[in-house]
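[1] Starting from these lines, generate the structure:
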Amino acid sequence: MRKLLVASAACALLVPLSGCATLKQLASALMGPKPAQTEIRALAALPPPDPAAAVDRLYGRAAEAIKARDYALALELLQLAATRAPTDVRVLNAQGVVYDKLGRFDLSERYYTQALAVDPHSRIVLGNMAYSARLQGREPPAGVLQALAEPQTTLAGGPPAEIVPMPGGGS
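    Residues are numbered from 1 along each chain as shown. Next up is the predicted model:
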């Protein structure tokens with residue numbers, strides 16, 4: 001009964017004292033400090049990510065996966081890169097390399113053909129096509145051998161246009 005009486009008295013005093021600064025201080029002390037206000041500012045517009053850089057990173061990771069003989073990961077990365085850059089000769093060629101490693105020569109030939117459609121003079125792709133044919137126990141197509149026999153184009157007195165072999169090609 002006494003608790004009820006104290007609660008009633010507190011409620012009766014609460015309304016008239018609600019404007020009192022002391023009551024507000026008491027309530028603040030009981031409830032703890034107010035949380036700090038956070039200022040939210042808009043970020044400056046960020047430039048969109050460079051799709052070529054993303055494809056380069058995916059291709060690089062796929063090349064590492066091929067070297068580690070993790071062909072499933074390599075294919076996943078290359079397929080993702082191909083969705084972003086469907087005509088990237090490096091990506092198409094690397095897909096052919098992986099399918100050669102898996103013994104899926106029908107698919108490797110498809111990707112090498114797509115790569116040659118983009119860059120008919122790619123010595124790397126032509127070399128991988130010849131290597132793929134030899135893996136299958138057959139002679140490379142005459143057109144491939146003829147293209148490989150042609151002298152390599154140089155850049156204004158510099159090194160050959162293509163000097164870096166693709167992953168898995170020829171080994």
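[2] Please enumerate the strands of the protein.
    Per DSSP state E, the chain has no strands. Nothing in it meets that criterion.
[3] Tell me where the model's unsure across it.
    For the chain, the stretches flagged by pLDDT under 70 are 1-36, 40-44, 46, 153-171.
[4] Can you show me the helices along it?
    For the chain, helices defined by DSSP state H occupy the ranges 2-17, 21-31, 51-67, 71-84, 89-101, 105-118, 123-135, 142-149.
[5] what residues does the shortest one touch?
    Read it as helix 142-149. Contacts to helix 142-149, defined as CB atoms under 8 Å, 6 or more residues apart in numbering, come from residues Pro120, His121, Arg123, Leu126, Gly127, Met129, Ala130, Ala133. The C-beta positions use only the backbone N, C-alpha and C, and glycine is treated the same way.
[6] make it 6 Å
    Leu126, Met129, Ala130 (CB atoms under 6 Å, 6 or more residues apart in numbering).
[7] top of those by neighbour count?
    The most crowded member of these, judged by other CB atoms under 10 Å, is Met129 (28 neighbours).
[8] From what I see, that residue and Tyr111 are in contact.
    No - with contact defined as CB atoms under 6 Å, Met129 does not reach Tyr111; the gap is 10.1 Å.
[9] gap between the two ends of stretch 114-128?
    This stretch, stretch 114-128, spans 13 Å end to end (CA to CA, to the nearest Å).
[10] do the same with stretch 137-147
    The stretch stretch 137-147 measures 20 Å between its terminal residues, going by CA to CA.
[11] Only the buried residues of that stretch, if you could.
    Pro140, Val144, Ala147 (16 or more other CB atoms under 10 Å).
[12] got these as JSON lines, with distance to Leu78 columns?
    Output for the buried residues of stretch 137-147, formatted as JSON lines (distance: CB to CB, whole Å):
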{"residue": "Pro140", "distance to Leu78": "23"}
{"residue": "Val144", "distance to Leu78": "22"}
{"residue": "Ala147", "distance to Leu78": "24"}
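[13] any idea how far Ser122 is from Pro151?
    To Ser122, Pro151 is 15 Å away according to CB to CB, to the nearest Å.
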